[in-house]
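*Asks:* output the structure for:
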Amino acid sequence: MRRNTLPGEQDESLSRHSDARTAALLQLQDNDALLRLRAARRRPVFLMVGVIFLFYVLEVILANEAVGFMALSLAGPLNVGLALSLLQCVTTACAIQWHVRRARRVLDPDAARVRALLRDRRQA
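*Replies:* Residues are numbered from 1 along each chain as shown. The predicted model follows:
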């Protein structure tokens, strides 16, 4: 049973566990598999965020500078501005769906390998 500690006090067993875990995580940070996993996660996400952000900026600039173009009626109450806004929602949803699929296919197996490596180091 864990005893309650006062603020500023540390439980010794918690401190030992925390120190061992911190040491394992520090060793793991320099691991090539983890570095590849981080890079594989970051690159496509930054690219996708950049594309969606540029699409949004283009929409804002058009709304501000090309008011007549954005007001062109496409079908009934649907105009170019509204169509671009709806397209922004669709592209964002598609990007999220693509990232989830990619994470399951590419990132999850790599993460499982890193997790197994950490488990093996912890047991050794």
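*Asks:* which parts of the protein are strands?
*Replies:* 73-75, 78-79 (DSSP state E).
*Asks:* any idea which of these is most buried?
*Replies:* Compared across those, strand 78-79 shows the largest average neighbour count, a mean of 14 (mean count of other Cβ atoms under 10 Å). From N, CA and C alone the C-beta is placed, and that goes for glycine too.
*Asks:* partner strands of that strand, with direction?
*Replies:* strand 73-75 (antiparallel) (DSSP bridges).
*Asks:* how about residues contacting the strand it pairs with?
*Replies:* N79, V80, A83 (Cβ atoms under 8 Å, 6 or more residues apart in numbering).
*Asks:* quick check, nearest of those to R102?
*Replies:* The nearest member of the contacts of strand 73-75 to R102, counting by Cβ to Cβ, is A83 at 27.9 Å.
*Asks:* give the contact list for the closest one.
*Replies:* Taking Cβ under 8 Å, 6+ apart, one finds L74 in contact with A83.
*Asks:* spatially nearest residue to the most centrally placed residue in the chain, not counting backbone neighbours?
*Replies:* Central residue of the chain (Cα atoms, centre = their mean): V45, 6.6 Å from the mean position. Excluding its sequence neighbours, the residue lying closest to V45 (Cβ to Cβ, 6 or more residues apart in numbering) is H99, at 6.6 Å.
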